[in-house]
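In: sequence and predicted model, in that order:
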Amino acid sequence: MASLNIPSFPSVETLICPKCDWRITSYDLHGSVFFACPSCKSYVERLKSLEFGVKGKLSPPVLKPVLPLGSTGVLKELEFKVICYLEKKERNTAYCWREYLLYSPENGYVTLAEFDGHWSFIGGKEIFPDLAHFVPNGLNMIPYNGSDYRLFNKYAPVVTAMVGEADWDVVNEKIAALEFVAPPFMLVKEKTQSSPQRVDYYLAEYLELQVIAEAFKLDSAVFPVKTGIGAIQPSRYYDRWNTLFPITGIAIVVILLLQLLFATLVPEQELINDDFEITAVAGSQDNSFKPFITPAFSLNRVSSNIEFTFSSRVDNNWLEATIVLINEESNKTWEVTQGMEYYHGVEDGESWDEGSRETSVLISDLPRGKYHLNVYPASGDQHLSNLYIRAVTNVNMWRNTLVTIFLLLIYPAFCWYMMTRFEKKRWDNSDHSPFVN
């Protein structure tokens, strides 16, 4: 039976600091080239196989590493060991962050970077093979794997402290870095400033601290607290907006199609369209007119609506009518009172008018049956002689449709607002914000 030869971590070994004779612990003695002495803070370089010299002097770290050197954890289904802790800053600025170099015997190095409590997993072509042949197309915007990565930051990193080991001169390396973001991912372009120049690309992904804490079996309470918004911190409202936008759009189209289908299958039907003669009650003290009854009409659907339109030739006066809709089979009634008033004149040489000679009202949820109207008019003009009434059933309820669409749009609009607000705050940390003209 064939056996799998799975690479394992090298044995933990020690080397002697050439400056203070301290025994420096190494987790990859034969693979690493540069070491930090925890005792005298010397920057130690391998000269030959097991010969070492002092390369320079290191500053002590400001913070204690959250991930202990030598600890192992599984990220992206790969097991890594922490072998180096770096504190970095941007040259000529006060921005600083922390990086942990993780080593895998099979996949080489990756980096866990932490800035203001926000963590990202950064890997090169060993972890993301398509980066080996990646040729960017663009300066401020780079398309990659179906997403557009926008330029977020340009800087030159400087190592201010080191604990552990690395296989390259991480302290003295001079590079120019460009970061392009498409949250929760970032493309990092690093160009060495020494000769010969080399350009490398890395892909970073935002990680929640709980993921890292579980991977390295640590209490999340020891991790630095998040402050602000990370460069590639995902917005939960972005995900909600992306989900809701197509769903809401489809729902609105369906509602409109159903409304149009209803209007086609159940067209409007006119029930009353007539000018009714009205007569004032002689000697009336309350401006009342004689009541009248309209011809009967039928509603044939299980549930119907009726829109009533009333108009009269009021002139510098008013008319009010109480309308009682009566179901002749059940004697159930629906009562509404509608008023019309229209005034006009000339003041200071300019004409004016106010009010309207027409009004309308909609009654819904009317059961099948035979109906008529009892109408009780009243007016300040005792000489008024007519009241026009038009009644239409199966009226398209566009107002209800628009209200429904408005309600459907409230939460997506809220998500869009919160997403945009989140993005503006993210880009406040960049000199290349798309929100600034």
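Out: Structure received.
In: which element, helix or strand, includes Lys425?
Out: Secondary structure assignment for Lys425, by DSSP states H and E: helix 398-427.
In: tell me which residues in that helix are buried?
Out: Residues of helix 398-427 classed as buried by neighbour count (16 or more other C-beta atoms under 10 Å): 401, 408, 412, 415-416, 418-419, 422-423, 426-427. C-beta: built from backbone N, CA, C; applies to glycine.
In: remind me, longest strand of the protein?
Out: strand 358-379 (DSSP state E).
In: now the angle between helix 398-427 and that one, please.
Out: Going by axes from the mean of the first three to the mean of the last three C-alpha atoms, to 10 degrees, strand 358-379 is angled at 130 degrees with respect to helix 398-427.
In: packing partners for strand 358-379?
Out: strand 292-293, strand 297-311, strand 317-327, strand 333-347, strand 386-393 (3 or more C-beta pairs under 8 Å, 6 or more residues apart in numbering; DSSP states H and E).
In: which among those is found nearest to Pro183?
Out: Nearest of these to Pro183, taken as C-beta to C-beta: strand 297-311 at 49.4 Å.
In: what sits up against stretch 246-263?
Out: Residues from elsewhere that reach stretch 246-263, judged by C-beta atoms under 8 Å, 6 or more residues apart in numbering: 396-398, 401, 404-405, 408-409, 412.
In: can you count the residues close to Ser351?
Out: 8 (other C-beta atoms under 10 Å).
In: for the helix or strand it falls within, what is the average pLDDT?
Out: Assignment of secondary structure by DSSP H and E places Ser351 within strand 350-356. What strand 350-356 shows for mean pLDDT is 93.
In: still on that earlier bit, for Glu126, which of the helices and strands packed on strand 358-379 is the nearest?
Out: strand 297-311 (68.7 Å).
In: so what does that closest one touch, helix or strand wise?
Out: strand 269-277, strand 317-327, strand 333-347, strand 358-379, strand 386-393.
In: dump those strands to TSV, plus distance to Asn107 and mean neighbour count.
Out: Shown next, in TSV, are the helices and strands packed on strand 297-311 (distance: least, C-beta to C-beta, whole Å; neighbours: other C-beta atoms under 10 Å):
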stretch	distance to Asn107	mean neighbour count
strand 269-277	75	14
strand 317-327	80	19
strand 333-347	77	13
strand 358-379	68	16
strand 386-393	74	18
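In: format those strands as TSV; extra columns: distance to Tyr100.
Out: Formatted as TSV, those follow (distance: least, C-beta to C-beta, whole Å):
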stretch	distance to Tyr100
strand 269-277	76
strand 317-327	78
strand 333-347	75
strand 358-379	67
strand 386-393	74
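In: can you say which of those is nearest to His30?
Out: Distance to His30, taken as C-beta to C-beta, is lowest for strand 358-379 among the helices and strands packed on strand 297-311, at 84.6 Å.
In: circling back: for the contacts of stretch 246-263, which one is nearest Tyr43?
Out: Closest to Tyr43 out of the contacts of stretch 246-263 is Pro412 (55.2 Å), distances taken as C-beta to C-beta.
In: for the closest one, give me its contacts.
Out: For Pro412, the contacting residues are 241, 244-245, 248, by C-beta under 8 Å, 6+ apart.
In: tell me the one of those nearest Leu139?
Out: Using C-beta to C-beta, the contacts of Pro412 come closest to Leu139 at Trp241, 28.2 Å.
In: so what's the closest residue to Val44 other than its chain neighbours up against?
Out: Spatial nearest neighbour of Val44, excluding adjacent residues (C-beta to C-beta, 6 or more residues apart in numbering): Phe35 at 4.3 Å. Counting by C-beta under 8 Å, 6+ apart, Phe35 makes contact with 15, 24, 26, 43-46, 52, 164-165.
In: reformat the residues you listed as CSV; add secondary structure, pLDDT and distance to Ala221.
Out: Shown next, in CSV, are the contacts of Phe35 (DSSP: H, G, I helix; E, B strand; the rest coil; pLDDT from 0 to 100; distance: C-beta to C-beta, whole Å):
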residue, secondary structure, pLDDT, distance to Ala221
Leu15, strand, 94, 35
Ile24, strand, 96, 31
Ser26, strand, 95, 30
Tyr43, strand, 97, 33
Val44, strand, 97, 34
Glu45, strand, 96, 38
Arg46, strand, 93, 38
Phe52, strand, 93, 38
Gly164, strand, 97, 24
Glu165, strand, 97, 29
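In: domain ranges for this protein, per the record?
Out: 13-233, 269-395 (automatic domain parsing).
In: any chance of CSV for those domains, columns distance to Pro7?
Out: Listed next are the domains of the chain as CSV, based on distance: least, C-beta to C-beta, whole Å:
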stretch, distance to Pro7
domain 13-233, 4
domain 269-395, 74
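In: for His432, which of the ones you listed is the nearest?
Out: domain 13-233 (4.9 Å).
In: what is the end-to-end distance of the closest one?
Out: By C-alpha to C-alpha, to the nearest Å, the extent of domain 13-233 from end to end equals 38 Å.
In: among the contacts of Pro412, which two are most distant?
Out: Trp241 and Thr248 (9.8 Å).
In: show me what counts as buried in stretch 181-200.
Out: Residues 181-190 are the ones in stretch 181-200 that count as buried (16+ other C-beta under 10 Å).
In: of those, which belong to strands?
Out: Among those, the members that lie in strands (by DSSP E) are 181-182, 185-190.
In: these: which two are farthest apart?
Out: Among those, Ala182 and Glu190 lie farthest apart (C-beta to C-beta), at 18.1 Å.
In: do a quick rundown of the strands in the stretch 51-200 of the chain.
Out: Secondary structure of the stretch 51-200 of the chain (DSSP state E, counting those that start in this stretch): strands at 52-57, 72-75, 78-90, 96-104, 108-115, 118-123, 141-144, 147-155, 157-166, 175-182, 185-192, 199-207.
In: need the residues that contact the fourth one.
Out: Yep, that's strand 96-104 we're talking about. By C-beta under 8 Å, 6+ apart, strand 96-104 touches 9, 27-28, 31, 63, 65, 67, 73, 75, 78-90, 109-116, 160, 164, 166, 170.
In: check contacts around the nearest residue to His118 once chain neighbours are set aside.
Out: Closest residue in space to His118, ignoring its immediate chain neighbours: Gly230 at 3.2 Å, by C-beta to C-beta, 6+ apart. Contacts here follow C-beta under 8 Å, 6+ apart; on that basis Gly230 touches 115-116, 118, 120, 206, 426.
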